[in-house]
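# Build the 3D model from these lines:
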Amino acid sequence: MPRSADNTTDQRLTALEHACRGVVGDRLRSVSVDGPDHSTTLYRRSDLSPGADAPVHEAMAEGASCQSPVFADGGRTVCSFENGYVTRIRVGETSVVATSDGIKMDRDTELSAAVRGILHE
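Next comes the predicted model:
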């Protein structure tokens, strides 16, 4: 999805991508956002084929719960999946889903704070 720098929504989506990449680093696999105004993949690591984590993103965005959450609180869920970990952060009607090879809980807390900060702007 092409994004223009003068559109507030596009700026917010770009900020979400950069925040997720900055917090998780090289372990980040992919990031998607699903909300009333937009539904798209923001980032996919270059070594992954298109759609590699799409089923996980779709299930989490639709509110599927994992069988054994590693961590869950109001609006944030971390689960393991076959290729690593998936984190869903809900802010209002918007879900941001990030997959990673691995994630430490302090990084997940930072990721949640960064996403919430951007979506509440």
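# so where's the protein shaky on pLDDT?
Counting by pLDDT under 70, the chain has low-confidence residues at 1-6, 67-68, 71-72, 121.
# So which residues of the chain form strands?
With DSSP state E as the criterion, the chain has strands at 28-34, 39-44, 71-73, 76-81, 84-91, 94-100.
# Can I get these in CSV including distance to residue 63?
C-beta here means a position set from N, CA and C on the backbone, and glycine is covered the same way. Below are these laid out as CSV (distance: least, C-beta to C-beta, whole Å):
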stretch, distance to residue 63
strand 28-34, 10
strand 39-44, 14
strand 71-73, 12
strand 76-81, 10
strand 84-91, 8
strand 94-100, 8
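# which helix is the longest one in this protein?
helix 8-24 (DSSP state H).
# May I see the buried residues of it?
Of the residues in helix 8-24, 12-13, 15-17, 19-21, 23-24 count as buried by neighbour count, 16 or more other C-beta atoms under 10 Å.
# go on, stretch 86-102?
Buried residues in stretch 86-102, counted by 16+ other C-beta under 10 Å: 86-91, 94-100.
# Which member of those is positioned nearest residue 32?
Nearest to residue 32 out of the buried residues of stretch 86-102 is residue 97 (C-beta to C-beta; 5.0 Å).
# now that closest one, which residues is it bridged with?
Beta-bridge partners recorded for residue 97 (DSSP bridges): residue 32, residue 88.
# Please report the distance of it from residue 104.
Residue 97 sits 18 Å away from residue 104, going by C-beta to C-beta, to the nearest Å.
# Now do the same contact list for residue 98.
20, 24, 28-31, 86-87, 89, 111 (C-beta atoms under 8 Å, 6 or more residues apart in numbering).
# Alright, calling it a day.
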